[in-house]
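Visitor: Below are the sequence and a predicted model for it; my questions follow.
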Amino acid sequence: MVHSCRFTLGAYFPSSKMSSTVSKPRLIRFGLFELDYRAGELRKTGIRIKLQDQPLQVLELLLQRPGELVTRDELRASIWPADTFVDFDKGLYTAVNRLRDALQDLAENPRFIQTVPKRGYRFIAPVSVVMEAGETQPAPTGAKPSGSEPSREPPHPTPHWLIWGTRAVVSAVVLAGLVTAVRWQQIQSWVGGKKIHVRSLAVLPLENLAADPRQDPFADEMTEELITQFSKSADWRVISRTSVMQYKGTRKPLPQIAGELNVDAVVEGAVQRVEDRIRISVQLVDARMDRQLWAETYDREFRDILGLQSEVARDVAARCAIQLPVQPGRQADFRLAQPESESYEAYLMGRYYWNKRTGSSMKMAAEYFQKAIQQNPRNGLAYAGLADFYAFLSLIGGPETAPPRDAMAKARAAAIKATELDDTLAETHASMGHILHNYDWDWPGAEREFKRAIELNPNYATAHHWYSHYLMQMGRSEESLAEATRAHELDPLSPFINNGLGRQYFLTRQYDKAIAQGQKALQIDPAYVPAMVLIGMAYEQKSMFPEAIAQFERAGKLSATYAVSKDTPAPAQPPALPVVVAMLGHALALSGHQEAARSKLQELLAISKVRYVASSYVAIIYIGLGDKDRAFEWLERDYQNRSEHLLYLTVEPMVDPLRSDPRFHALVKKIGLP
């Protein structure tokens, strides 16, 4: 029998004043841990944790009276009797520290053991009790009577383990364990299993408890799938995988993580796969208060993993007053139907490298996407990833770059294949929207696809990010900033998403905000070249030319990593990214360094002889030099190539000198921009 303990466990431990017939517990569970009194073991999700005798005894005493102060004198009398010749203070300090290490607890921000200075310790987490088989115990309010449905009943979480409920008050045994009404008032919002209202959530990387470290990717896949399940509802904000995976292996306090991600609650836990069985232990934590709200362990056959993931997601969502939508007719998700394969893992690795947006990382991304397709030809996500890889080839500037006409043809083929395989994936619709927008210039079609992607997954940050760029180019700047802000809220630790928001600030001529957002991206990744370029462009618009040039020169020194593939031997002086050369040439020209600007122009033309360079980059330097005729000549070349750079003509501050020229308006009309 399992009970959610809402009163002190003293009722389970007979004293001289209590009936000797009161049942003793077999297990005490808290969070992902359980203390087995019969075996004298502490376990985490079923795995024994080595713990010396004295720390274990301290834990047993604290669990006998959760929520109550266990004084130093009581600990001394129980564990260090008078005839023990040891340094008690040192012994107690060592025992508690070892216990905290075993529980991964922090003294300064405890989840389990709270220090009461100079007095003792208190166990502060919710607990549940498993009784010895065959023994009875008065059931708490809401417990099922004997003979009811035998299926697993999750423990009813409560913000405090000190109160069974009003019915239990009639029991003298329970009365002996009740605590003060003051503490009851602090936690009454959760008594009786009430739902809480969580409007933002982060799923922290699940811990791999298997002895085989090769199962780490499996734990990551489980984390990703939970995020995907939660993301289906628009009723809350769910942090993207890119941001939460940065906390893998860290021991930051949950309130700190909650503050960095700006969330109300987190889901954390562990997963273990042993042959044909899998166990997932999860807990829902009020991240700001560092207070456990609910915990459960699921033990299933591996073949049931598809239903298990949905069950976990539904259980957590139900506790948070969220209803996850069901998509009837959706294909069995290969991510769960074939978790033993490496296809989904390869896709995730591809997305990891794609998000870096460097020449070498894009090469790695393509290899992983293709590997995922080889391992599972029906992997729609991998085709969507491949479409995104091709769509960005004309932008990165590495050896694999290609003109838009070549790259986008391959991108469209991959996106169409992704849609044919699974029309219910947000990623496939976002990829198609990106192609319709940036190459086909099909504005209604692009918006339809972006909206469909967001409808399928309201928490897909990339869809919001791309939609924000579309809206900006359509002249809907307020909507654009709202979408860019939403993307940032969903993926706050992504340099790419941070820089995307900064770009929208720049295009709306909020240069100080653009600089600040670019600096945030650099705090996440100090070598993120696009953020340096953004900051330099904003400085230039503020006529802070020395600062702008310094940013571009710094970006130039680092941008070789963007321009060189891992399979390409690095030259003695690797060329900088074309965008960096162009922006530096433009800044030099505006600051009066005409010869230096022309030198950068020649450098850019030389790069264009060995790989594709957007003609708009050449035009940018000519604009700085004041040569409008040559600028329009190169912009026309970009129009022939259907370069997406032209889509910013109506909002890009750097082309302001051309706006009064009739040729500018003619070009805008040909493109079809508002």
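Guide: Sure, I can see it.

Visitor: quick one: what helix or strand has Ala295 in it?
Guide: Using DSSP states H and E, Ala295 falls within strand 291-301.

Visitor: What strands line up against that strand, and which way round?
Guide: Using DSSP bridges, strand 291-301 pairs in its sheet with strand 277-286 (antiparallel).

Visitor: Tell me the secondary structure at the closest residue to Val282 other than its chain neighbours.
Guide: Taking C-beta to C-beta, 6 or more residues apart in numbering as the measure, Val282 lies nearest to Gly269, with 3.6 Å between them; neighbours along the chain are not counted. To be clear about C-beta, it is placed using only N, CA and C from the backbone, and glycine gets the same treatment. Assigned with DSSP: H, G, I helix; E, B strand; the rest coil, Gly269 falls in the strand class.

Visitor: Pull the number of nearby residues for Gly269.
Guide: 27 (other C-beta atoms under 10 Å).

Visitor: Also Arg509?
Guide: Residues near Arg509, counting by other C-beta under 10 Å, number 13.

Visitor: do the same with Asp53
Guide: Other residues near Asp53 come to 10 when the count uses other C-beta under 10 Å.

Visitor: So it versus Lys90, what's the distance?
Guide: Computed with C-beta to C-beta, to the nearest Å, the distance linking Asp53 and Lys90 is 16 Å.

Visitor: Also Arg199?
Guide: Between Arg199 and Lys90 the distance is 47 Å, computed by C-beta to C-beta.

Visitor: same deal with Asp264?
Guide: Spatial separation of Asp264 from Lys90 under the definition C-beta to C-beta is 41 Å.

Visitor: quick one, phi psi at Ile79?
Guide: Dihedral angles of Ile79 (phi, psi; degrees, to the nearest 10) stand at phi -110, psi -30.

Visitor: So the protein: which segments form each domain?
Guide: For the chain, the domain assignment from automatic domain parsing gives the residue ranges 2-190, 200-333.

Visitor: correct me, but Ala430 touches Ala461?
Guide: No - Ala430 sits out of contact with Ala461 when judged by C-beta atoms under 8 Å, with a separation of 10.1 Å.

Visitor: got any residues that touch both of the two?
Guide: When contacts are counted by C-beta atoms under 8 Å, 6 or more residues apart in numbering, the set common to Ala430 and Ala461 is empty.

Visitor: Mind telling me what element the nearest residue to Ala366 once chain neighbours are set aside is part of?
Guide: With sequence-adjacent residues excluded and distances taken as C-beta to C-beta, 6+ apart, Ala366 is closest to Phe389, at 4.9 Å. Taking DSSP H and E as the definition, one finds Phe389 inside helix 380-391.

Visitor: residue contacts, Tyr528?
Guide: Counting by C-beta under 8 Å, 6+ apart, Tyr528 makes contact with 495, 499, 521-522.

Visitor: What of Gln54?
Guide: Under the criterion of C-beta under 8 Å, 6+ apart, the contact list for Gln54 reads 79, 91, 95.

Visitor: and the second one, how many neighbours does it have?
Guide: As a burial measure, the neighbour count of Gly91 was computed by other C-beta under 10 Å and equals 16.

Visitor: and if you look at the last one?
Guide: For Ala95, the number of neighbouring residues by other C-beta under 10 Å comes to 22.

Visitor: try Lys363
Guide: Using other C-beta under 10 Å as the criterion, Lys363 is surrounded by 20 other residues.

Visitor: Return the distance of the strand or helix carrying Lys670 from the chain's centre.
Guide: Secondary-structure assignment from DSSP H and E places Lys670 in helix 662-671. Offset of helix 662-671 from its chain centre (C-alpha atoms, centre = their mean, to the nearest Å): 42 Å.

Visitor: in that helix, what's buried?
Guide: Of the residues in helix 662-671, those buried by neighbour count under the rule 16 or more other C-beta atoms under 10 Å are 664, 667.

Visitor: How are the helices of the stretch 101-250 of the chain distributed by residue range?
Guide: With helices called from DSSP state H, counting those that start in this stretch, the stretch 101-250 of the chain shows them at 172-175, 181-187, 216-231, 241-244.

Visitor: I would like the residues contacting the longest one, please.
Guide: Contacts of helix 216-231 with the rest of the structure, by C-beta under 8 Å, 6+ apart, involve 201, 203-208, 236, 238-241, 244-245, 248, 267, 270-271, 273, 280, 309-310, 312-313, 316-317, 324, 333, 335-336, 339, 342, 344-345, 348, 457-460.

Visitor: before we move on, what about the last one?
Guide: Around helix 241-244, the neighbours that count as contacts under C-beta under 8 Å, 6+ apart are 202-205, 223-224, 227, 261, 348, 355, 461, 491-494, 497.

Visitor: Tell me how far Ala418 lies from Arg448.
Guide: Ala418 sits 16 Å away from Arg448, taking C-beta to C-beta as the criterion.

Visitor: Ile623 touches Ala631, doesn't it?
Guide: Yes - proximity of Ile623 to Ala631 meets the contact threshold set by C-beta under 8 Å, at 4.8 Å.

Visitor: which residues are common contacts for those two?
Guide: Once C-beta under 8 Å, 6+ apart is applied, the residues that Ile623 and Ala631 both contact turn out to be Leu658.

Visitor: burial count for the residue nearest to Ala366?
Guide: As a burial measure, Phe389 scores 26 neighbours (other C-beta under 10 Å).
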